[in-house]
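Colleague: quick one: sequence and predicted model below, then my questions.
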Amino acid sequence: MRLRLGVVASFLVALPAPAHAQFSHDEFHATLRGWAESVWLHALDRRSAAGGRVSENGILERFNEVIDDKYFLDRLTAAFTPIEDYEWYARESGVRWSGGSITKRSLAVDLELKATVPLGEKWGFGVRVNKTEFPEVNHTTFRFRLARSLSSRLTVFAESFLDPQKPGSDVEAGIRWRSPSDARVEATIGVLDFPNDFIYLNLNAQRQTGVDSTLEYERQPITVRTSFSVPLTSSFRLEGHGAVARPSTILAYEGKDESAGFRQHERFAFAGALLEWVPRPGLMAAAFVNTVYARSIRSPLSAAAPVASYRLTEQTTEIGIVGAVRLAPRWRVDFWARHSWRPERRVFLAGEDADVDFMLRSFNSQAVLTYRARSGFVADLGVGYNNAQTPRGDGQVPSTGSLKGIQYRIRYDAGWRIHDRFSVLVGSATDIDGESGEGVSFGGARGRFVMYW
């Protein structure tokens, strides 16, 4: 039932970035596009996830041994906000980078680069590169898009993700429509891992040194993505994102021995929507909801195969608000709050392994006072808050200790801005633990830069 609701929602709600919008220094808008892109890239490049393409940690791979009780606060305070995402997706070409301490030794890094070049009056070519290093995923994705304008309102395009691990490459074809009132609709259909069977089966990839296993699709994953942005009135706008992959089945076995492996059935869908209110320039508030759902069922290909048989269900659901208000020409306050639920249910279908029934429930919020000159010195002073609880199954998923806890974080950043073309900020934070009695501690360093051309 949950999957069916996700499928329906994905066709009803979803948003393309306003690629040709003009960003105004005096206006604020928010978008869920950053969230949707992150979820979609994880689906495109599962081979770069921490456990690989067929990890026992599941399709979403939200938990592993590196994640601790401050992980989600680290991600919240270092990442670009939905307001900053709107400006990014309103531009055709640029590069941006954000990094923040995730362990004593490592940064969580997110790098994006995009560029678009017109090829005559009707054709255009674009590239996008994403470099992500998080505990749950470490990937570099290169995507290119060839588009043709059929009219002032209608564009068709083809897009491909070229995976260095060739079997993981993907293709999509889509259509985008834009109305005179600035409503936008986009829809795509794609095939994930389209050369997989040709490489593994026809080219016998297992004969190559270093390749000791075969992946074979019994049913290929085909995806549908939809998106829209609709101005409801002069003050309200509705946007959304969504995708669904048809149920697929993959076999994983050693060499050509189809009995020494497992079969895995997979389902995946996500959907999100945001309602924005902009009563006047300098004031914006928005409410959002999103969810991502995955289910995998694994079974051995033979009784002799040393493979656990289980059914794993993963889901992350968030509701929240985001907003900004200008206090003076160079001063404003941004805020963001969300309530998240991350259940995970693993039922073993054979053997004596203990089932997993886990729930991480958290509330995160952040308020930031920003000073922004159109060109010159810029600074942020913010407060972040995280309250995470595990109402059931504490300790049943991989992590560094328990994931529950209450923390406060004071962050301070300073940098420089050159008009709307370039900005850089660096800073650090101080943590105040609200539950364990550890007191005040260093909250890590962070930095970011954005450049447009």
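Modeller: Ah, there it is. Residues are numbered from 1 along each chain as shown.
Colleague: rest of the way, CA atoms for contacts and neighbours
Modeller: OK.
Colleague: so in terms of bridging, what pairs with W123?
Modeller: Counting by DSSP bridges, W123 is bridged to L119, R148.
Colleague: can you pull out the low-pLDDT segments for this structure?
Modeller: 1-26, 434-438 (pLDDT under 70).
Colleague: which stretches of it form helices?
Modeller: 2-12, 33-44, 71-78, 82-89, 196-197 (DSSP state H).
Colleague: okay, those helices in a markdown table with distance to S402 and mean neighbour count next?
Modeller: Formatted as a markdown table, the helices of the chain follow (distance: least, Cα to Cα, whole Å; neighbours: other Cα atoms under 10 Å):
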| stretch | distance to S402 | mean neighbour count |
| --- | --- | --- |
| helix 2-12 | 28 | 18 |
| helix 33-44 | 25 | 17 |
| helix 71-78 | 11 | 20 |
| helix 82-89 | 29 | 20 |
| helix 196-197 | 39 | 20 |
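Colleague: closest one to R219 among those helices?
Modeller: Closest of those to R219 is helix 196-197, at 10.6 Å (criterion: Cα to Cα).
Colleague: how far off centre is that closest one?
Modeller: Averaging C-alpha positions (Cα atoms, centre = their mean, to the nearest Å) puts helix 196-197 26 Å from its chain's average.
Colleague: in CSV, list the helices of the chain along with distance to R207.
Modeller: Below are these laid out as CSV (distance: least, Cα to Cα, whole Å):
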stretch, distance to R207
helix 2-12, 39
helix 33-44, 26
helix 71-78, 41
helix 82-89, 44
helix 196-197, 15
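Colleague: ok, which of these comes nearest V378?
Modeller: Across the helices of the chain, V378 has its closest neighbour in helix 82-89 (14.7 Å, Cα to Cα).
Colleague: starting at the chain centroid, how far to that closest one?
Modeller: 14 Å.
Colleague: so which elements touch that helix?
Modeller: helix 33-44 (3 or more Cα pairs under 8 Å, 6 or more residues apart in numbering; DSSP states H and E).
Colleague: which strands and helices sit next to the helix it packs on?
Modeller: Where contact means 3+ Cα pairs under 8 Å, 6+ apart, helix 33-44 is packed against helix 82-89, strand 236-254.
Colleague: repeat that with 7 Å
Modeller: Identification of packing neighbours for helix 33-44 by 3 or more Cα pairs under 7 Å, 6 or more residues apart in numbering; DSSP states H and E yields no helix or strand.
Colleague: that helix to strand 236-254, inter-axis angle?
Modeller: Going by axes from the mean of the first three to the mean of the last three Cα atoms, to 10 degrees, helix 33-44 is angled at 20 degrees with respect to strand 236-254.
Colleague: out of the helices of the chain, which is closest to S98?
Modeller: Nearest to S98, of all those, is helix 71-78, at 6.9 Å by Cα to Cα.
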